[in-house]
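Novice: What would the 3D arrangement of this be:
(one chain, ligands or ions: 1)
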Amino acid sequence: MAAPAASGGRGPQRPRAPGRSPSPSGYRSSKPLGRDGFFCRRQEGSVLGHRREPPHSSEDEESEEEEREDLAESSLLNKLLHTSLVENSHDVEVLQQDPSSPLFSIRTFEELHLKKELLQGVYTMGFNRPSKIQANALPILMAHPPHNLIAQSQSGTGKTAAFVLAMLSRVKGAERYPQCLCLAPTCELSLQIGHVAEKMGRFCNDIKVTYAVQGNRVSAGTVLEEQIVIGTPGTMLDWCFKRRLLNMRRICMFVLDEADVMIDTQGFSSQSIRIQRALPKDCQMLLFSATFKETLWKFALQIVSRPIIIKLRQEELTLTNIRQYYFVCRNWEQKYEALCNLYGSITIGQAMIFCQTRRSADWLSMKMIQDGHQVAMLTAELSIVQRAEVIQRFRDAKEKVLITTNVCARGIDVAQVTIVVNFGLPINRQKQPDFETYLHRIGRAGRFGKRGIAFNMVDSHSVHLVHCIEEHFRECPLFPCSPVPPVQPRTKSSPLGHPVFISAVAGT
Ligand SMILES: Nc1ncnc2c1ncn2[C@@H]1O[C@H](COP(=O)(O)OP(=O)(O)OP(=O)(O)O)[C@@H](O)[C@H]1O
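Specialist: Below you'll find the predicted structure:
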């Protein structure tokens, strides 16, 4: 399938997909990164080039905005990182309002009776069997007459591949006009979906994709010929209503991806609803989301009438296999000292250190590097592609310690992480513990049923937060530790450097 840019230069240009382009930073201006993609000292223009003062007290730090997760960025990061399917042991739940709809699941792609070019595209991508969500969703997506669908499953379980396959099999390649519209919350996410469509449809020469995203200039009077239009709600609205580049009455499939991110972005819900209202009554409506909360549910039902709903429950994070400790520290220097005392043992496996703000992550990284420790750092200052690179290096164990903020609290699975350090406890705007973020951060240490250890560095006036956390996650106590090793803990024979201290910490 040729990209629109190749269509004689008349059609809209296809912007480059992030992470796939030869020059990844080309799609977003980004801060310089250390030579090897991780934080290294004395890099020109890096934060280390500036003299950053440590947040001397926790009040200093709290006055600064905590670095929060951006849902659209996390989705994109997940897409870049999920190069293979995420396994999920739960069964898919299927709920239907119309008991007459025929429901079944497939075990092979052949059962879908796809065009041979499309089947070839699927196999060339290395998909031997449908994933769990695909096995249940694909028969619904391809049913005649079409069914509306709402599907929820965690990132990496095969949703994108499912609806892309549905779009490619639904469009008539011989007809040169838009037939499927697909909305995503950002330009980069739209390009990622398009990238999958182009790969899967590579043998379907007559099917073309275009992108309704900012920066994709289409000259006045253009009538779109591409069968699939993927884009963000604002630009899609513009193309549909203001510029009238396509005939909405001929759209037979409308896909709304990343719906949970969509409702979080101002204006996107109403724009999506406006587009949906102008589509024909028999247009197939599909909505995909990684999570499902009440507000999303209300939105989903406005977009998708009489849907079949399929859900794949997320693997639950648990704290039961993680031993949790806390240190009460007088000040930042003492926190740092406690961390350095742990360093020898945390680098036996791999560790993630969470800071509340980018400033404290900068400060800590700089100090650790100055003291000769090798650490990687990941904050929102890096572009998504750079973040993916840092995470990939960490996954490949090229660095053993990753200092980060909440941008990395959830979703990023690195199997070898067995230790998590909260250099500051996660708190919400009311200065109360943010339990969900705590669970997600600490949960990084105990993925895939492994045993992990979590250390929390707490200021003396914040000890009550520890007790709140204990109360919230009953049956998962936090054990107190001394921030400095007891006198004479070090023996030359110790492989860890601090045997007494560590064995006290580890409770062994
Ligand atoms: N049937 C399959 N067999 C093998 N790999 C697959 C299959 N379906 C999808 N994949 C691969 O698994 C990864 C995740 O798939 P996909 O992007 O479709 O999941 P997703 O649920 O849409 O995730 P996200 O919400 O992050 O976009 C991708 O690398 C994709 O190529």
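Novice: Tell me the residues of the protein that contact the ligand?
Specialist: 78-79, 82-85, 126-127, 130-131, 134, 155-161, 290 (C-beta under 6 Å from any ligand atom). Where you see a C-beta, it was placed from the backbone N, CA and C, and this is true even at glycine.
Novice: Write the PyMOL selection for whichever of these are buried.
Specialist: Buried members of the residues of the chain next to the ligand, defined by 16 or more other C-beta atoms under 10 Å, are picked up in PyMOL with:
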select buried, resi 78+79+82+85+127+130+131+134+155+156+157+158+159+160+161+290
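Novice: Determine how far stretch 257-272 lies from the middle of the whole chain.
Specialist: Put simply, stretch 257-272 sits 16 Å off its chain's centre (C-alpha atoms, centre = their mean, to the nearest Å).
Novice: buried set for that stretch?
Specialist: Buried positions in stretch 257-272, judged by neighbour count with 16+ other C-beta under 10 Å: 257-265, 268-269, 271-272.
Novice: now swap in stretch 106-117 and tell me
Specialist: Applying 16+ other C-beta under 10 Å to stretch 106-117 flags 106, 109, 112, 114, 117 as buried.
Novice: Need the CA coordinates for that stretch. PDB is fine.
Specialist: Provided in PDB are the C-alpha atoms of stretch 106-117 (Å, rounded to 0.1, in the frame of the first residue of the first chain):
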ATOM      1  CA  ILE A 106     -11.800 -17.700  16.200                       C
ATOM      2  CA  ARG A 107      -8.600 -19.700  16.700                       C
ATOM      3  CA  THR A 108      -6.900 -18.800  13.400                       C
ATOM      4  CA  PHE A 109      -6.900 -15.900  11.000                       C
ATOM      5  CA  GLU A 110      -8.000 -18.200   8.200                       C
ATOM      6  CA  GLU A 111     -11.400 -18.500   9.800                       C
ATOM      7  CA  LEU A 112     -12.000 -14.900   9.000                       C
ATOM      8  CA  HIS A 113     -11.900 -15.500   5.200                       C
ATOM      9  CA  LEU A 114      -9.800 -12.500   4.600                       C
ATOM     10  CA  LYS A 115      -8.600 -11.500   1.100                       C
ATOM     11  CA  LYS A 116      -5.400 -13.400   0.400                       C
ATOM     12  CA  GLU A 117      -3.300 -10.100   0.200                       C
END
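Novice: got the contact list for that stretch?
Specialist: 119, 122-123, 127, 129-130, 135, 138-139, 142, 165, 169, 201, 203-205 (C-beta atoms under 8 Å, 6 or more residues apart in numbering).
Novice: Ends of stretch 368-378, what's the gap?
Specialist: This stretch, stretch 368-378, spans 15 Å end to end (C-alpha to C-alpha, to the nearest Å).
Novice: ok, and residue 362, which helix or strand is that part of?
Specialist: According to DSSP states H and E, residue 362 maps onto helix 358-370.
Novice: Just after that helix, pick out the following helix or strand.
Specialist: Next along from helix 358-370, by DSSP H and E: strand 376-378.
Novice: List the buried residues of the helix or strand just after that next one.
Specialist: Following strand 376-378 in sequence order, the next helix or strand is helix 384-395 (DSSP H and E). By neighbour count with 16+ other C-beta under 10 Å, helix 384-395 contains the buried residues 384-391, 393-395.
Novice: so what's residue 24 scoring on pLDDT?
Specialist: pLDDT, residue 24: 27.
Novice: Quick one: neighbours of residue 252, just the number.
Specialist: By the criterion of other C-beta atoms under 10 Å, residue 252 has 18 neighbours.
Novice: no, scratch that, I was asking about residue 139
Specialist: When neighbours are defined as other C-beta under 10 Å, residue 139 has 18 of them.
Novice: Then residue 471?
Specialist: 9.
Novice: And the furthest pair within the contacts of stretch 106-117?
Specialist: Distances among the contacts of stretch 106-117 were taken as C-beta to C-beta; the most separated pair is 135 and 205, at 28.6 Å.
Novice: ok, the two, which is more surrounded?
Specialist: Neighbours per residue (other C-beta under 10 Å) separate residue 135 from residue 205, with residue 135 holding more: 20 against 11.
Novice: wouldn't the more buried one be in contact with residue 105 here?
Specialist: Yes. Here residue 135 reaches residue 105: they are 4.4 Å apart, a contact under C-beta atoms under 8 Å.
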